[in-house]
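Asker: Curious how this folds, go ahead:
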Amino acid sequence: MTNSVTRAYNTACRVPGNALVDVMRTVEADARIPTWKRPYPPRPVFVPQDRIHGFADDLMQLLGMLTTLPERLFDGDLDRFMAAVGVHGARAELMRRHAPETPRLSGRADAYHDGTGFKLLEFGIGSDLGGWDWAGEVPRALLEVDGFASFAREHGLDYVHTGRATVRTIKEAAAAYNGVREPVVALVEAPGGMDTFGSIWHNLHRVMRGLGLDLHLAELTELQEKDGRLVLNGLPIDVVWRAFDTDQLLENTRNLELAEPVFRAHEAGQTLLWHTLQSNLFGEKACMALLSDPRYAHGFSAEERRVIERALPWTRSLQGPAALQDTALVEQLRDRREHLILKPDNLFGGYGVVAGWETGDDEWWTALTEGAAAGCVVQERVVPQTELMVDPATGTEQPWQTLWGVFYHPDGYAGAHARVIPADSSAVIGLRCIDRIHTGSVFHY
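Answerer: Numbers count the residues shown, from 1 in each chain. Predicted coordinates:
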C-alpha cells in the first residue's frame, strides 16, 4: 500500500551519498525553528492531496453533525444531551455557560490511515490542543534544505502551514467580534499551567509572533479587569486563546473565580474568548457513539450516514452499569474483544485505554464493567498503515506507524502533523508511549 512518493524517497535514501537520508538531522540542527521535546523520524510522511482533503471534507461534515446533536437527537434539550454523553454536575454547568453561542469549528482531529482511507479516532475541538506550531514549521524548514527542495519540486510536494492558517482565523474572528483587525492575543493557562505545559506554549509563542500575531503568554492569576476591559500587565487584551480546560478550573474554587473576568469580558463583547468551554462538550468521546449508533440514525440524512460509515469506526458508549444490561451489545463486546478498544471518557493521550486484543476474556470484562461505571466508549480497532522508512544509521527499511493530527478551521483543512512510532510498539499512539513518539511532518502531492 506504499504510495509512489514514499517509494521514490526510500529508493533515493538507499543510494550511497544521497543527502535525503540525513535531511531530518539537518532540520533538527536548524536553530531557526523551535526546539521540540521529541526526535524526528527518518523522513516526512506523504499523502495524495485528494485523500487528505477528502478526509478533511468528511471531517467538516462530521463536525457539522456533531455540534447540532442536541437539536437533531434531543429536541434542543441540552440537559438530555449532556446526560447522554456523561457530562454532569459542575462540568455541565461550565460547559453550558456559553451554550447559546454557535461552537467555533476549529481544532485538531486524530486519525489513522488503515491503508484504504482515514478513520477518525477522536474529535479535538478548541484551542487547548497542541501542535499548532510545529505542523507548519517543520515542512517549511524542510523546503529550505536543497536536497529535499529538489525532491519536492520533482514530485509536486506541498503543505498547508497550520500556524499561518491559525493566525488568519484568529484575526478574522476578532474583526467579526469586536472590530479589531490586528488583535492583542493572550494565551491563558490555569494557575501552574505554564510550569506543566510551558515548553509547548513558548514554542507556539515564538512561531506565532514570527507569523505576525501579537501573542502573549499568561496564567489566569496575571489578568485584571480595568474599565470593563481585560488587561495583562496594563495591556488591553482583544482575544483570549484559552489553554485551560474545565477540569483545571474545577480543581478548586479559586480557579473558577479567576476565570470569571475572562467570561465577563467575553459576554460584554470586549474580549473574544477563542473557544468557550462549550467546545469541550462536543469533544466528549461519547459524542462519537451518538453518530455511530444505529438507534440514532433517524437524526441524519442518507448522505450523512454514508460519511459516518466511511470516516468513523464503529463506536458505542457505556454510561453507567445499566449500559451492560443490553444483552445484544454485551454479546458483541464479548465476542469481538480482539477487534475492540476501550477509551475512558475523561482521560486523554492514551491513558486508561484497554486494547481488547491485548487482554483475556476475564480482564476484558473487568475493564468493561469498570469503564461503564466511570463512563467510556468502546470502538472498533483501526490498524494504522505501516510506513517504511530508511534508517540513516543502517540504510535498512524499518516499519513505523503514524497518528495523523488533522487541523481544521471554519473554512476547512488547516494542515496536518504526524506522530510516528516504531510499528507495533504500542496499542495507541499518545502520551502513554511518549518515549517512542517522533515528531513527524506531512506533505501532500
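Asker: Pull out the buried positions in the worst-scoring helix or strand of the chain on mean pLDDT.
Answerer: The helix or strand of the chain with the poorest confidence is helix 23-28; it has a mean of 89 (mean pLDDT, DSSP states H and E). Neighbour-count burial for helix 23-28, counted by 16 or more other C-beta atoms under 10 Å, picks out 23-24, 26-28. Yep, even glycine has a C-beta here, placed from its N, CA and C like the rest.
Asker: Same question for stretch 328-339.
Answerer: Applying 16+ other C-beta under 10 Å to stretch 328-339 flags 332-333, 337 as buried.
Asker: Stretch 143-161 too?
Answerer: Of the residues in stretch 143-161, 145, 147-148, 151-152, 157, 159-161 count as buried by neighbour count, 16+ other C-beta under 10 Å.
Asker: Which two of those residues have the greatest separation?
Answerer: Farthest pair in the buried residues of stretch 143-161 (C-beta to C-beta) is G147 and V160. Separation: 22.7 Å.
Asker: What strand or helix carries the residue nearest in space to the middle of the chain?
Answerer: In the chain, the C-alpha nearest the mean C-alpha coordinate belongs to R108, at 3.3 Å (C-alpha atoms, centre = their mean). Taking DSSP states H and E as the criterion, R108 maps to strand 107-113.
Asker: Distance-wise, check the closest residue to G320 other than its chain neighbours relative to D345.
Answerer: Among residues not flanking G320 along the chain, A372 sits closest, at 6.3 Å (C-beta to C-beta, 6 or more residues apart in numbering). If you measure A372 against D345 using C-beta to C-beta, to the nearest Å, the figure is 11 Å.
Asker: Show the low-confidence segments of this structure, by residue range.
Answerer: 1, 34-37, 349 (pLDDT under 70).
Asker: how about 80 then?
Answerer: 1, 30-38, 228, 347-350, 430-434 (pLDDT under 80).
Asker: Put the alpha carbons of the strand holding R108 into PDB.
Answerer: Taking C-alpha atoms only, strand 107-113 is exported to PDB below (Å, rounded to 0.1, in the frame of the first residue of the first chain):
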ATOM      1  CA  GLY A 107      -9.200  22.300  16.300                       C
ATOM      2  CA  ARG A 108      -7.400  19.100  15.600                       C
ATOM      3  CA  ALA A 109      -8.800  15.600  14.900                       C
ATOM      4  CA  ASP A 110      -6.700  12.500  15.400                       C
ATOM      5  CA  ALA A 111      -6.900   9.700  12.800                       C
ATOM      6  CA  TYR A 112      -5.200   6.600  11.500                       C
ATOM      7  CA  HIS A 113      -4.900   5.700   7.800                       C
END
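Asker: tell me the angle of the helix or strand just after that strand relative to strand 107-113?
Answerer: The helix or strand immediately downstream of strand 107-113 is strand 118-122, counting by DSSP H and E. Angle, strand 118-122 to strand 107-113, by axes from the mean of the first three to the mean of the last three C-alpha atoms, to 10 degrees: 130 degrees.
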